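K.L.:
kindly return the folded structure for what I paste below:
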Amino acid sequence: MADQFIEVDELRDTLRESLEKEDRRQEDISRQDVLTRIERVIQTIVFSVSEGEAPVLRLMNRCNWASVRFHESVGLVRKADVPVTTLRCDCPSSATRFALIFKLLSVIYKLVQSDSYATKRDIYYNDPQLFGSQKTLDSILDDISCMLKVPRRSLHVFATSKGFISGDLCYLEEDGTKVDCNSSSTAVPVSSNVNGIRNIVSAAKFILIVEKDATFQRLLDDAFCTRLSPCIIITGKGVPDVNSRLMVRKLWDTLHIPVFALVDADPYGIEIMCIYKYGSRSPAFEAHSLTVPSVLWLGLLPSDIQRFGKVNSLLCFVVQSPRGNAYSIFSSREQNQQPEDQRLHQLPTCLGERDRSYAETEAESDTVPVIHRPALPHSSLPAKTALWRLDI
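P.N.:
So this is what the prediction gives:
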């Protein structure tokens with residue numbers, strides 16, 4: 001079994017050398033710096049009032065793809081000249097949002113000043129009528145994070161994690177609680193305060209990102225981490241939350257081991273892998289602490305389906321337009337104006353030169369294969385992780 005992981009060990013050495021040459025980790029902003037940035041915003045508002053002018057807030061436009069660019073070694077990053085949206089307190093269309101931002105700034109200031117923490121749900125349920133919905137609070141928090149140019153975790157407001165992790169991993173939470181992820185039958189929820197994790201201990205040879213919770217549980221039931229080789233598996237249960245992405249990035253920074261992605265063989269699975277690998281539009285300014293550009297697409301690949309020889313029992317064919325979703329992943333990432341046929345042929349390149357035949361098939365049909373249930377044989381994953389060859 002050890003011989004199967006020669007390639008993985010070589011890849012780990014390559015990653016170590018790469019990180020020694022270029023440290024891309026982003027340091028957290030100090031509490032005092034966060035307080036100073038909030039105070040500057042308040043001072044600007046007070047000055048406007050003293051001058052008899054209507055206070056305004058200027059927010060970066062997070063919802064426009066034109067505000068981000070692609071950096072090969074980081075992923076999606078915020079452009080320097082980001083379009084700005086102005087909120088005026090005397091404008092009926094923006095007065096409510098202005099007031100909510102002001103209220104949340106007050107809450108954040110108290111949390112940072114007292115070095116205490118709160119979850120988004122805690123803040124929302126303290127005054128649900130004020131915020132109206134959890135989604136509104138989430139959006140305002142992201143606006144404040146972008147406005148202050150402060151990572152959301154430095155605002156002392158956390159989101160409840162939805163991801164799970166298991167495998168050869170032990171660490172201490174910020175409060176001193178020891179977490180052992182070595183149980184073969186149960187998984188551990190991803191920490192809500194990933195930044196506070198310390199004393200990480202692991203002999204894992206690689207990290208495996210699993211798209212779906214059902215597949216993740218199947219691997220746990222099959223004792224994947226103990227039967228194969230020391231490893232860590234993690235799932236964001238679909239589209240990953242920030243904490244799951246932070247955890248993958250922290251483990252990659254700390255352990256310097258390969259990271260593989262196991263996702264569905266459809267554009268939606270590819271999109272989820274791209275979020276881990278390249279990031280997403282809204283928190284693009286946090287890309288240095290969220291993305292793992294070295295993520296390798298382990299599968300499932302459409303070619304794997306034929307290799308298994310179980311096409312009829314494993315597939316359902318979804319007649320919709322996922323081809324358009326695949327196009328949008330690439331076009332939004334590159335923001336180019338090339339014809340669709342040219343972009344289609346380049347899509348496998350941006351994903352790591354995997355299965356060009358799949359992209360060509362997509363040009364002929366709107367029918368896309370989707371895996372119904374976990375289908376990888378026990379021999380498939382070891383072979384894939386051991387034989388993977390990719391230049392980093």
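K.L.:
in the stretch 1-150 of the chain, which spans are strands?
P.N.:
Per DSSP state E, counting those that start in this stretch, the stretch 1-150 of the chain carries strands over the ranges 56-60, 68-71, 75-78, 84-88, 118-119.
K.L.:
ok but residue 208 is inside a helix, no?
P.N.:
No - looking at residue 208 with DSSP: H, G, I helix; E, B strand; the rest coil, it is strand, so not inside a helix.
K.L.:
quick check: it vs residue 230, distance?
P.N.:
Distance from residue 208 to residue 230, counting by C-beta to C-beta, to the nearest Å: 12 Å. For the C-beta atoms, the positions are set from N, CA and C on the backbone; glycine is no exception.
K.L.:
between these two, which has more neighbouring residues?
P.N.:
residue 208 (24 against 17; other C-beta atoms under 10 Å).
K.L.:
do you know the pLDDT at that one?
P.N.:
Note on residue 208: pLDDT of 93.
K.L.:
can you pull the contacts of it?
P.N.:
219, 231, 232, 233, 234, 259, 260, 261, 262, 298, 381 (C-beta atoms under 8 Å, 6 or more residues apart in numbering).
K.L.:
give me the lowest-pLDDT entry from those residues.
P.N.:
For the contacts of residue 208, the pLDDT minimum is residue 381, 59.
K.L.:
dig out what residue 178 forms beta bridges with.
P.N.:
Applying DSSP bridges to residue 178 gives these bridge partners: residue 172.
K.L.:
model confidence for it, exactly?
P.N.:
Per-residue pLDDT puts residue 178 at 91.
K.L.:
now do residue 326
P.N.:
pLDDT, residue 326: 51.
K.L.:
over to the one 10 residues further on?
P.N.:
We note a pLDDT of 47 for residue 336 in this prediction.
K.L.:
and for residue 295?
P.N.:
If you check residue 295, the pLDDT there is 86.
K.L.:
wait, it sits on residue 259?
P.N.:
Yes - under the criterion of C-beta atoms under 8 Å, residue 295 makes contact with residue 259 at 4.9 Å.
K.L.:
okay, and the common contacts of the two?
P.N.:
Counting by C-beta under 8 Å, 6+ apart, the residues touching both residue 295 and residue 259 are 209, 276.
K.L.:
buried ones in stretch 221-233, by neighbour count?
P.N.:
222, 224, 225, 228, 229, 230, 231, 232, 233 (16 or more other C-beta atoms under 10 Å).
K.L.:
please flag which of the residues you listed sit within strands.
P.N.:
232, 233 (DSSP state E).
K.L.:
neighbours of residue 270, how many?
P.N.:
By the measure other C-beta under 10 Å, the count of residues near residue 270 is 24.
K.L.:
I'd assumed residue 277 was in contact with it.
P.N.:
No - counting by C-beta under 8 Å, residue 270 does not reach residue 277; the two are 9.9 Å apart.
K.L.:
need the residues touching each of the two.
P.N.:
Counting by C-beta under 8 Å, 6+ apart, nothing touches both residue 270 and residue 277.
K.L.:
hmm, who's touching stretch 222-239?
P.N.:
1, 4-5, 162-169, 181, 184, 190, 202-213, 215-216, 219-220, 244-245, 247-248, 251, 272, 275, 378, 381-382.
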